[in-house]
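[1] can't give you the sequence, but here's the structure:
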């Protein structure tokens with residue numbers, strides 16, 4: 001039975017800690033449904049655009065978006081990539097990741113290969129064609145084993161990707177098929193981040209390091225530590241970026257509801273956020289909200305917000321209370 005060989009490094013564990021922190025923040029931030037749809041769409045578009053580039057197609061991003069949105073159907077590859085991503089979103093049979101799921105993805109991506117046959121030509125540095133099926137069975141058997149399920153989902157996903165990459169199971173569209181399968185695996189394990197994440201962005205930004213990581217792991221390579229470390233580092237970077245983006249969206253939503261899209265200063269935004277979070281603001285709260293700002297300056301900002309109809313004041317002098325309208 002196949003058992004992957006790797007060492008847990010301090011850097012690997014640190015990146016997994018970063019991923020878990022980002023996941024905790026993202027899971028506890030509520031954003032509007034229309035923003036969720038936009039984040040998902042943006043991630044899909046970036047994945048499709050990167051996949052097309054890897055396959056040697058030359059498209060500008062707007063053309064990809066036009067076809068994705070249904071305004072044109074002139075490119076089969078773009079639509080097939082979209083349909084394969086839809087398979088993940090709409091699949092109600094969330095369970096084991098199997099050879100059949102990989103075949104289903106490949107069948108959608110390469111419509112000319114209706115039987116989804118494995119590679120039958122020899123490619124230097126990759127598994128021989130006659131051994132492809134046996135190796136794939138080994139990888140999926142491991143991925144659905146207790147050993148894989150006891151590993152962190154990010155590590156298991158990293159191993160699944162690199163093992164399939166070095167098998168190179170199909171004649172075409174290997175990386176696209178494998179990346180979509182990995183997205184599916186992450187969804188099942190709860191690490192797909194709502195579909196908002198596009199780890200392929202990291203592959204693109206670190207193209208040289210990615211290619212070296214993949215090509216240097218030939219079929220003879222045993223130790224996967226360097227690859228897993230690269231994968232975890234990229235996942236940590238992308239989840240951190242996503243976390244900050246979602247935090248900004250939540251802030252923007254909060255402020256837009258309160259201000260009606262009126263332009264506010266940074267200090268006024270902070271006041272609105274505080275009132276959203278805690279309900280009321282009193283003079284005694286000023287020092288913790290603005291420790292280095294004078295009370296007179298804060299009162300001027302509050303007065304302007306009152307005049308603009310965004311907050312209301314009750315009471316007088318030191319007992320004044322401010323609340324959102």
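    That came through fine. The model shown is predicted, which means the values in this text are computed figures rather than measured ones. Numbering: from 1, shown residues only.

[2] please make it C-alpha for all contacts and neighbour counts, starting now.
    Fine.

[3] what ranges does the stretch 1-150 of the chain have for its strands?
    In the stretch 1-150 of the chain, no segments count as strands under DSSP state E, counting those that start in this stretch.

[4] what about it, any weak spots by pLDDT?
    Segments of the stretch 1-150 of the chain classed as low confidence (criterion: pLDDT under 70) are 71, 91-95, 112-116.

[5] rerun that using 90 as the cut-off
    Residue ranges of the stretch 1-150 of the chain with pLDDT under 90: 1-2, 28-38, 41, 53-77, 86-97, 104, 109-117, 123-127.

[6] now do the SS call for the residue positioned nearest the centre of the chain.
    The residue lying closest to the centre of the chain (Cα atoms, centre = their mean) is residue 197, at 1.3 Å. Classification of residue 197 into helix, strand or coil gives coil, according to DSSP: H, G, I helix; E, B strand; the rest coil.

[7] where does it land on pLDDT?
    If you check residue 197, the pLDDT there is 94.

[8] ok, it touching residue 41?
    No - proximity of residue 197 to residue 41 does not meet the contact threshold set by Cα atoms under 8 Å, at 10.4 Å.

[9] and the gap between the residue nearest to the centre of the chain and residue 70?
    For residue 197, the distance to residue 70 under the criterion Cα to Cα, to the nearest Å works out to 23 Å.

[10] what of residue 109?
    Separation of residue 109 from residue 70 (Cα to Cα): 18 Å.

[11] who has more neighbours, these two?
    With neighbours defined as other Cα atoms under 10 Å, residue 109 and residue 70 compare such that residue 109 has more, 27 against 10.

[12] give the contact list for the more buried one.
    Neighbour list for residue 109: 77, 80-81, 84, 173, 177 [criterion: Cα atoms under 8 Å, 6 or more residues apart in numbering].

[13] quick revisit: how much space separates the residue nearest to the centre of the chain from residue 82?
    As for residue 197, its distance to residue 82 is 15 Å (criterion: Cα to Cα).

[14] what's the closest non-adjacent residue to residue 51?
    Across the structure, with Cα to Cα, 6 or more residues apart in numbering as the measure, the residue nearest residue 51 apart from its sequence neighbours is residue 176 (6.1 Å).

[15] residue 39 now?
    Of all residues not flanking residue 39 in the chain, residue 196 sits nearest, at 5.3 Å (Cα to Cα, 6+ apart).

[16] burial count for that neighbour?
    Neighbour count for residue 196, taken as other Cα under 10 Å: 19.

[17] ok, it - contacts?
    Taking Cα under 8 Å, 6+ apart as the criterion, residue 196 is in contact with 36, 39-43, 242.

[18] quick check, nearest of these to residue 306?
    For these, the closest approach to residue 306 (Cα to Cα) belongs to residue 36, at 32.7 Å.

[19] before we move on, back to that, farthest pair within the contacts of residue 196?
    In the contacts of residue 196, two members sit farther apart than any others by Cα to Cα. They are 41 and 242, at 13.9 Å.

[20] between those two, tell me which one has more neighbours.
    When residue 41 is set against residue 242 and neighbours are counted by other Cα under 10 Å, the residue ahead is residue 242, at 20 against 17.

[21] surely that one touches residue 195?
    No - between residue 242 and residue 195 no contact is recorded; they are 11.0 Å apart, counting by Cα under 8 Å.

[22] could you list the buried residues of stretch 236-249?
    Neighbour-count burial for stretch 236-249, with 16 or more other Cα atoms under 10 Å as criterion, is recorded at 236-240, 242-243, 246-247, 249.

[23] let me know the secondary structure of residue 281.
    Put simply, residue 281 is strand when judged by three-state DSSP.

[24] quick check, it in contact with residue 275.
    Yes - using Cα under 8 Å, residue 281 and residue 275 qualify as a contacting pair, with a distance of 6.5 Å.

[25] what is in contact with the two at once?
    Shared contacts of residue 281 and residue 275 (Cα under 8 Å, 6+ apart): residue 323.

[26] what about the two, which has more around it?
    Counted by other Cα under 10 Å, residue 281 and residue 275 do not tie: residue 281 has more neighbours, with 20 against 17.

[27] got a list of what the more buried one touches?
    Shown in contact with residue 281 (Cα under 8 Å, 6+ apart): 274-275, 321-323.

[28] which strands and helices sit next to the lengthiest helix in the chain?
    Residue-count comparison of every helix in the chain, with assignments taken from DSSP state H, identifies helix 225-259 as the longest. Of the remaining helices and strands, those touching helix 225-259 by 3 or more Cα pairs under 8 Å, 6 or more residues apart in numbering; DSSP states H and E are helix 10-27, helix 153-167, helix 200-205, helix 207-215, helix 266-278.

[29] show the subsequent helix or strand relative to the second one.
    It stands for helix 153-167. Next along the chain after helix 153-167, taking DSSP states H and E as the criterion, comes helix 174-189.
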